[in-house]
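Colleague: Dropping a prediction and its sequence here:
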Amino acid sequence: MRKSLLKMVALSLMVLMVAGSVFGAGVQETSKDVTVNMFQLKVEIKDAIDGYAAKYSAATPGVTVKVETLGGGADYGGALKAKAQSGQMPDIFVIEGRGGYDIWKDYIADLSDQSWVADTDLAFKVDGKVYGFPVAIEGYGLAYNADILAKAGIDPATLTTRAAYEKAFQTLEAKKAQLGIDAPVAMAASVAGGMWWVAAQHNLATYWGGGLDFNDTSIIEMALKGRLDDARFLQYAKYLQLLFKYADQKILLNGSYDDQVGAFAQGKTAFLHQGNWVDPNLKQLGVTFKVGYAPHAFLDKEQKGLYLFAPSWYCVNKESPNAEAAKAFLTAMATTADGHDYMVNQAGMIPAFKSVKLQPAGQLSQALMAANAKGGNYGVFFGMLPDGAGQNVFGPIFDLFAQNQNNLDRFIADMKRAVAGLPNM
Amino acid sequence: MKQSRAVNILFVAPCVFAFVMIIVIPFFFGLYYSVTDWNGVSNNVNFVGLRNFSNLANSPDFVYSFLITIAYTLINIVLINIVSFVLSLVVTSKIKRRNFYRAGFFVPYLIGGIVLGYIWQFILNNILVSLGTTYSIKFLETSFLSLPHTVIWTMAVVNTWQYAGYIMLIFVASIQSIPSSLMEAASVDGAPFFSRVLHILLPMMANAFTISLFLTLTTSFKQFDMNLTLTNGGPATRFMDTPVKASQLLAMNIFNTATANRMAEAQAKAVVLFVALLVVSLIQVTVNKKKEVEM
């Protein structure tokens, strides 16, 4: 018995040693050259960033940048945790807001001294220090089909109050058959279609930031302490109700992203509640009509701005020996002509840096860029909410309101309770 | 024949190694993390006692997921076993092309849950709804997946479509192992078909039912993939005066908690799922075992 036990132990040790040598083999570095590992989540820019990293590596002796991409519904956060646990934390990684910062703050380097910081309004900051490099500007308003509005005799420039929207929606609803549309708005709110974020994240963000100064976070900070601004929220809820009421009900209650964008692209709705990331989709679907952005004007008073934000930020791993090389790579992206060409022409993004003079190709991106140049836009602050608040708490509330659109009081009461619970999340 | 002990150990070692590393160690780690406030990354792990568990009783979404999972499991057990039993009677009867039917009923089981969810989502949300609107069939005009009170039933039907063929195979094997002399003798004595099924087939198949009930119980309780792709937890409904996701089963609730970086809380939920499943399946197997007959 004792003998077999010994054999067992010896065998297990052997297995462990074999496993160790197999797994350990990859870690060894063969040369003194630095390899910067980047791990990012935008699948749509994979080819562009791979190309730029190769170009940068070729132009910079001694530095090789390797990019790994995981996203598009895949669990980036989970994969990054797995990398951190196995000691393979990348040198550059992505956070999507305050929730991500709180999780990863032990790894995130201070970037306040970088040269690109003065060139952007959208760096990720905590307590005045810069921790994140803005990947791009994204933004939204209510996208409209200019041809349909012209046929219906609506001037999009007048859509700056809730009353103006109500009138426009009524006109469109009355002329539905004549214009060949199914409904005035393509709006989505369903948990089932995976579209909770359109309503419970992006639309709700108009309440957090609309009509305020670009950096004014007073409303969301109030919410993080558990309170809503009742008068303001009532106006917001009425606007949301309006969007729901005049939306294509099938898309609203059950539609997917493709259903929503597809309906707008085929001219079946006059408005679309989506950001400039739909540009490639619209191109793919062969859209030839003119597209623009009207503001989400939910207040009684006039609102003319669009909602601009950086959806994600690159962070540098301060524990890494290659942190300086990683910082240099990001600086080159923000300050060199090659970097600008990559961001705008290759990746099709709107860079968050003011010194970039190139124009993006998409119609909605151009509208955003024009709005950004004009100023008077609003900030998007849902990234400050605790993780899971949008998906697990607000999502079902908005879905239920979409099912029972006349029950405004119930919606407001539900939101009040949910916001009161935020400080404990 | 005497076998070498070393050879035995050598054969078992890889499996034992994998089992220990992938199941046993993570299981105890999981138990540990369920009583901490770990967020999945931080090295700073604090012991919080049973706080994660006591919070669960007051969170409407978890209580709802727990109850809806039990309801879904019950519907599934009944539906799948009845359908499979009927199918197995059909394919062991003397109908033509019965081997073709056996294969046909089994094929859905070979489709992965993710793919299957998307296929049925398309059928339910698009095909049925456009049939309904084209021919003005009232009850088809809104998708069954968009109504809180039909969504669980719809999921159970889809799951039955997938799983019934597999359970059918177990029943078929069991029916074929019953000596045909028993059925023939009964038939000669003039027992009608239903009496034969009720008094001979069912008692003789008791061991197959032990397995099929166990399989349907555990798979329904742990259902995730089809839940994610077919309904994603939606639509919303009201429970304990709070909006919750009407079809978010327990496994998906755990997943959504974990992806919101609430690892310790998700782990506590997973422990509850484990204990509930353990207790229920132990009771089921014990009760079923008593009903089995020895030849």
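Modeller: Here it is on my side, so go on. The shown structure was predicted, so the numbers you read here are calculated from the model rather than taken from an experiment.
Colleague: Give me every residue in chain B lying close to chain A.
Modeller: Within chain B, the positions near chain A by C-beta under 8 Å from any C-beta of the partner chain are B:5-6, B:9-10, B:13-14, B:17, B:39-43, B:61, B:125, B:129, B:142-143, B:145-146, B:231-238, B:242-245, B:247, B:256-262. Every C-beta, even on glycine, is put in place using the N, C-alpha and C of the backbone.
Colleague: and the helix or strand where A:Asp258 lies with chain B, contact?
Modeller: Take DSSP states H and E as the rule and A:Asp258 turns out to sit in helix A:257-265. No. For helix A:257-265, no contact with chain B is found by C-beta under 8 Å from any C-beta; the gap never falls below 8.7 Å.
Colleague: what about the strands in the stretch 151-295 of chain B?
Modeller: B:236-239, B:242-245 (DSSP state E, counting those that start in this stretch).
Colleague: okay, those, which one's buried deepest?
Modeller: Of all the strands of the stretch 151-295 of chain B, strand B:242-245 has the most neighbours on average by mean count of other C-beta atoms under 10 Å in any protein chain shown, namely a mean of 26.
Colleague: With just CA atoms, put that one into CSV.
Modeller: C-alpha atoms of strand B:242-245 as CSV (Å, rounded to 0.1, in the frame of the first residue of the first chain):
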residue,chain,number,x,y,z
THR,B,242,-39.7,45.5,-8.9
PRO,B,243,-39.2,45.1,-12.6
VAL,B,244,-37.2,41.9,-13.2
LYS,B,245,-36.4,39.9,-16.3
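Colleague: Strand partners (parallel or antiparallel) of that strand?
Modeller: Strand B:242-245 sits in its sheet next to strand B:236-239 (antiparallel), going by DSSP bridges.
Colleague: how about the strands in chain A?
Modeller: Under the criterion DSSP state E, strands of chain A are mapped to A:34-40, A:63-69, A:92-95, A:124-126, A:129-134, A:138-140, A:142-145, A:183-186, A:269-272, A:291-294, A:307-309, A:313-316, A:378-379.
Colleague: Same list as before, the strands of the stretch 151-295 of chain B that is, but in JSON lines and with mean pLDDT included.
Modeller: Output for those, formatted as JSON lines (pLDDT from 0 to 100):
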{"stretch": "strand B:236-239", "mean pLDDT": "92"}
{"stretch": "strand B:242-245", "mean pLDDT": "93"}
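Colleague: how about whatever residue of the stretch 1-150 of chain B ends up closest to chain A, what does it touch?
Modeller: Relative to chain A, the nearest point of the stretch 1-150 of chain B is B:Ser146 (4.5 Å; C-beta to the nearest C-beta). B:Ser146 sits next to A:190, A:192, A:253-254, B:125, B:234-235 when contact means C-beta atoms under 8 Å, 6 or more residues apart in numbering or on different chains.
Colleague: out of everything not next to it in sequence, what's closest to it?
Modeller: Here the nearest residue to B:Ser146 in space, its sequence neighbours aside, is A:Asn254; by C-beta to C-beta, 6 or more residues apart in numbering or on different chains that works out to 4.5 Å.
Colleague: Also A:Leu234?
Modeller: A:Ile412 (6.9 Å).
Colleague: roughly how far apart are the one you found and A:Pro184?
Modeller: 24 Å (C-beta to C-beta, to the nearest Å).
Colleague: Those two: who's more crowded?
Modeller: Between A:Ile412 and A:Pro184, counting by other C-beta atoms under 10 Å in any protein chain shown, A:Pro184 is the more crowded of the two (28 against 17).
Colleague: isn't that one right up against A:Tyr246?
Modeller: Yes. Look at A:Pro184 against A:Tyr246 with C-beta atoms under 8 Å: they come within range, at 4.4 Å.
Colleague: got any residues that touch both of these two?
Modeller: The contact sets of A:Pro184 and A:Tyr246 overlap at A:169, A:172-173 (C-beta under 8 Å, 6+ apart).
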